[in-house]
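A.B. asks: what shape does this take:
(chains A and B)
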Amino acid sequence: GQNIDQPTEMTATEGAIVQINCTYQTSGFNGLFWYQQHAGEAPTFLSYNVLDGLEEKGRFSSFLSRSKGYSYLLLKELQMKDSASYLCAHRGGYNKLIFGAGTRLAVHP
Amino acid sequence: GAVVSQHPSRVICKSGTSVKIECRSLDFQATTMFWYRQFPKQSLMLMATSNEGSKATYEQGVEKDKFLINHASLTLSTLTVTSAHPEDSSFYICSLSQGNDPDGYTFGSGTRLTVV
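C.D. replies: Next comes the predicted model:
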């Protein structure tokens, strides 16, 4: 199967840290992706993990545990512009991306 | 990364008519493109993989006779929604992949289809 689960919605305060979790099941793992998407726009690539551990890119970090089928996206120093949907995805056959349902994050002052 | 141009960005059509959406790769020869559909507050659902010069590969539950995909050249893939109904109103977006580079996925700007 190729199931991906994420929380539907999250809220956080400006300046805080938020962690968005993702669990997945896939018959052949080939990398875990995180994208940001604002409503009505194309998704934007944030991060990619293929090995276990933490990948850090500025205010964004992503963690992967292949044995647990688990990943999270960590956003630090939240800004109002970070209010968006965050999509967890993995790569399937023919290089296609399979997305989870996405987590809508609302950042409040 | 590659540049992908998707048109139209917004279209309103009458129920029962057909709508064609174009996805052009401007600087990359794409043998494969992907078509997604996104309903409000939901995620991107893969509809089909478009293959240059051959038939598209549809995901389970997607009607291939309703969503016609043509990938006649390395730079153009089209999605035609035939006999559109209000429930087909959605955000349609195309994508291509440049090899195995994780940052190599490029998305079109999307098409907002409204069927009235």
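
A.B. asks: chain B contacts on chain A?
C.D. replies: Among all residues of chain A, those adjacent to chain B (criterion: CB under 8 Å from any CB of the partner chain) are A:31, A:33, A:37, A:40-43, A:45, A:48, A:50, A:85, A:87, A:94-102, A:104. In this view, the C-beta of every residue, glycine as well, is placed from N, C-alpha and C.

A.B. asks: mind redoing it with 7 Å?
C.D. replies: Counting by CB under 7 Å from any CB of the partner chain, the residues of chain A close to chain B are A:31, A:33, A:40, A:42-43, A:45, A:48, A:87, A:94-102.

A.B. asks: in strands only, show me the residues you listed.
C.D. replies: For those, the ones inside strands are A:33, A:45, A:48, A:87, A:97, A:98, A:99, with DSSP state E as the criterion.

A.B. asks: so how far is residue B:6 from the first one?
C.D. replies: With the distance defined as CB to CB, to the nearest Å, residue A:33 ends up 21 Å from residue B:6.

A.B. asks: those two: which is more packed in?
C.D. replies: Each of residue A:33 and residue B:6 had its neighbours counted (other CB atoms under 10 Å in any protein chain shown), and the higher figure belongs to residue A:33 (25 against 21).

A.B. asks: who's in contact with the closest residue to residue B:10 other than its chain neighbours?
C.D. replies: Sequence neighbours aside, residue B:112 is the residue nearest to residue B:10 in space, at 4.7 Å (criterion: CB to CB, 6 or more residues apart in numbering or on different chains). Applying CB atoms under 7 Å, 6 or more residues apart in numbering or on different chains, one finds that residue B:112 lies in contact with A:40, B:9, B:10, B:91.

A.B. asks: residue B:112 belongs to a strand, doesn't it?
C.D. replies: Yes: the assignment for residue B:112, made by DSSP: H, G, I helix; E, B strand; the rest coil, places it in a strand.

A.B. asks: which residues does it bridge with?
C.D. replies: Going by DSSP bridges, residue B:112 is paired in beta bridges with residue B:10, residue B:91.

A.B. asks: and the gap between it and residue B:11?
C.D. replies: Distance from residue B:112 to residue B:11, counting by CB to CB: 7 Å.

A.B. asks: find residues that contact each of those two.
C.D. replies: Between them, residue B:112 and residue B:11 have no joint contacts when contacts are counted by CB under 7 Å, 6+ apart.

A.B. asks: residue B:33: which of the ones in strands among the residues of chain A next to chain B is nearest?
C.D. replies: Relative to residue B:33, the closest of those is residue A:97; by CB to CB it sits at 12.2 Å.

A.B. asks: contact partners for that closest one?
C.D. replies: With contacts defined as CB under 7 Å, 6+ apart, the neighbours of residue A:97 are A:33, A:89, A:91, B:105.

A.B. asks: how close does the closest residue to the third one other than its chain neighbours get to residue B:52?
C.D. replies: Looking back up the chat, that one is residue A:91. Spatially, and ignoring its direct neighbours in sequence, residue A:91 is nearest to residue A:30 (4.3 Å; CB to CB, 6+ apart). As for residue A:30, its distance to residue B:52 is 22 Å (criterion: CB to CB).

A.B. asks: these two - which one has more neighbours?
C.D. replies: Comparing residue A:30 with residue B:52 by neighbour count (other CB under 10 Å), the higher total belongs to residue B:52, at 16 against 13.
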